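In: Sequence and predicted structure below; questions after.
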Amino acid sequence: AADKINLIPQDFFAELCEQIIQHLNHKIPGVDTTELCQRIQTTGIKIQIADLAKIANVVSFLFSTAARSSLSVEELMATLGSLLPKHALQVIRHLWNEQGKTISLSEDAGSMATMGQLVDMKWKLGVAMSSDTCRSLKYPYVTVALTVADPAGQITDRAFEMTVPQFKNFFRQFKEMAAVLETV
């Protein structure tokens, strides 16, 4: 990951680190590496989303481990030594000095983090009018788009379609969950 960090300009690396700290502090559900990667690529830098996600995982591990160990800035810098590029070390030093003590690693958040987190859910109703094999379908369906932050904080989008009976079952299960939550 260290060689890929060389590709990222200091301002983008700082933004990535900021998002990671916000995620570790449970202020945002995850790090949107897809959006950040697209912005980096518009500057002409060739980096893949998978590489940026690996960098985010390494930095997240670094910050969470340093927070768990209650490392000072000097201890963190001594541990890192010359493992990372100079511009990355400068960013990490600055952010750890400013925000290192704010990182909270509570046990409650840890159990939730193993499952991931729903960030957003969108749906739409559609009707398939025809296909190449059938002239008149008039088949209704529901498309659901989920934005999910995985346990590592990476944000991904997933979409799926359901028939109306499948959607009714889906809705019924949500109503059951809501009823159970009302009793808690």
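Out: Yep, that arrived. Numbers count the residues shown, from 1 in each chain.
In: Need phi/psi at Ser69.
Out: phi -90, psi 0 (degrees, to the nearest 10).
In: For this protein, give me the ranges with low pLDDT.
Out: Filtered on pLDDT under 70, the chain yields the residue ranges 104-115, 135, 151-152.
In: change it to 50
Out: Applying pLDDT under 50 to the chain flags residues 107-113.
In: which stretches of it form helices?
Out: Along the chain, the segments classed as helices by DSSP state H run 2-5, 10-24, 33-42, 49-68, 73-80, 86-99, 107-113, 164-183.
In: so what secondary structure elements neighbour the third one?
Out: Where contact means 3 or more CB pairs under 8 Å, 6 or more residues apart in numbering; DSSP states H and E, helix 33-42 is packed against helix 10-24, helix 49-68, strand 155-163. Every C-beta, even on glycine, is put in place using the N, C-alpha and C of the backbone.
In: Show me what counts as buried in the first one.
Out: What it means is helix 10-24. 12-24 (16 or more other CB atoms under 10 Å).
In: Other residues contacting it?
Out: With contact meaning CB atoms under 8 Å, 6 or more residues apart in numbering, helix 10-24 is reached by 5, 8, 28-33, 36, 39-40, 52, 55-56, 59-60, 63-64, 67, 87-88, 90-92, 94-95, 99, 102-105, 149, 153.
In: how about a cut-off of 7 Å?
Out: Helix 10-24 is contacted from outside by 5, 28, 30-31, 36, 40, 56, 59-60, 63-64, 87-88, 91-92, 95, 99, 103, 153, using CB atoms under 7 Å, 6 or more residues apart in numbering.
In: How far does it sit from its chain's centre?
Out: Chain-centre distance of helix 10-24: 12 Å, with CA atoms, centre = their mean, to the nearest Å.
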